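Enquirer: pasting the structure only:
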């Protein structure tokens, strides 16, 4: 519906008021984020969330394993802030790429059986980090293999990982990734650790 120019400032003010009214107060985000009931938050291993390095290692470790090995999906869930998202990008060759936005549970439903059936080992091969206050953005270059001993990975790419350090632990807020392709090679600057 088209609004008149006279109504626009009032609509913007209303939108701002609704946004501010629904935001938590400053300082309210201490401890476990409360976007879902605390009873739905899986307790994390303290060693998995003690540092940025630890949570990144746990993120790669928990999805990796040989064919036939069950993954510890509760450990996976515990790494993520409630409301977190995993966002693969891609699509058929020659078409406009798109982002598929998934919750951790939707990721498990879509990828879990394949990871466990076929075997999957993903490791970090490069990292670039930027932090400000409680937030950290990591460009984590990766390669994926069916077995760690495979000569060549079947895929490489970059995971753009957003992290929160709430003062007591680290949380994964989102993982947004794209695969390397002939027309999209990983830049050398992202292959350094």
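Expert: Structure's in. What do you need? Note that this is a predicted model, so its numbers are computed, not measured. Numbering: from 1, shown residues only.
Enquirer: Sketch out the low-pLDDT regions of the chain for me.
Expert: Where the chain drops to pLDDT under 70, the residues are 1-41.
Enquirer: Run through the helices of it in chain order.
Expert: Taking DSSP state H as the criterion, the chain carries its helices at 8-22, 52-63, 73-78, 104-118.
Enquirer: Buried residues, the third one. List them.
Expert: Judged by neighbour count using 16 or more other CB atoms under 10 Å, the buried positions of helix 73-78 are 73, 75, 76, 77, 78. The C-beta positions use only the backbone N, C-alpha and C, and glycine is treated the same way.
Enquirer: As a check, name the ranges of all strands in the chain.
Expert: 80-90, 98-99, 121-132, 135-145, 155-165, 170-179 (DSSP state E).
Enquirer: Can you add mean neighbour count and give those strands back as a markdown table?
Expert: Formatted as a markdown table, those follow (neighbours: other CB atoms under 10 Å):
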| stretch | mean neighbour count |
| --- | --- |
| strand 80-90 | 18 |
| strand 98-99 | 12 |
| strand 121-132 | 16 |
| strand 135-145 | 19 |
| strand 155-165 | 19 |
| strand 170-179 | 19 |
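Enquirer: Turn those into CSV, columns for distance to residue 55.
Expert: Putting those into CSV (distance: least, CB to CB, whole Å) gives the following:
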stretch, distance to residue 55
strand 80-90, 10
strand 98-99, 23
strand 121-132, 12
strand 135-145, 10
strand 155-165, 7
strand 170-179, 4
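Enquirer: Which of those sits closest to residue 61?
Expert: Proximity to residue 61 (CB to CB) singles out strand 121-132 among the strands of the chain, at 9.2 Å.
Enquirer: what's the spacing between that closest one and its chain's center?
Expert: Per CA atoms, centre = their mean, to the nearest Å, the displacement of strand 121-132 from the mean C-alpha position of its chain is 12 Å.
Enquirer: that older thread, compare the strands of the chain and give me the one nearest residue 54.
Expert: Taking CB to CB, strand 170-179 is the member of these nearest to residue 54, at 7.2 Å.
Enquirer: Quick one: closest of the strands of the chain to residue 109.
Expert: Minimum separation from residue 109 across the strands of the chain (CB to CB) falls at strand 80-90, 11.5 Å.
Enquirer: Report the separation between the spatially closest residue to residue 108 that is not a sequence neighbour and residue 112.
Expert: The shortest distance from residue 108 to any non-neighbouring residue, by CB to CB, 6 or more residues apart in numbering, is to residue 73 (5.3 Å). Using CB to CB, to the nearest Å, residue 73 is found at 7 Å from residue 112.
Enquirer: again, but for residue 138
Expert: Relative to residue 112, residue 138 is positioned 23 Å away (CB to CB).
Enquirer: Equivalent analysis for residue 141, please.
Expert: Residue 141 is 24 Å from residue 112, where distance means CB to CB.
Enquirer: now swap in residue 140 and tell me
Expert: Per CB to CB, residue 140 is found 21 Å from residue 112.
Enquirer: Next: residue 128.
Expert: In terms of CB to CB, residue 128 sits 29 Å off from residue 112.
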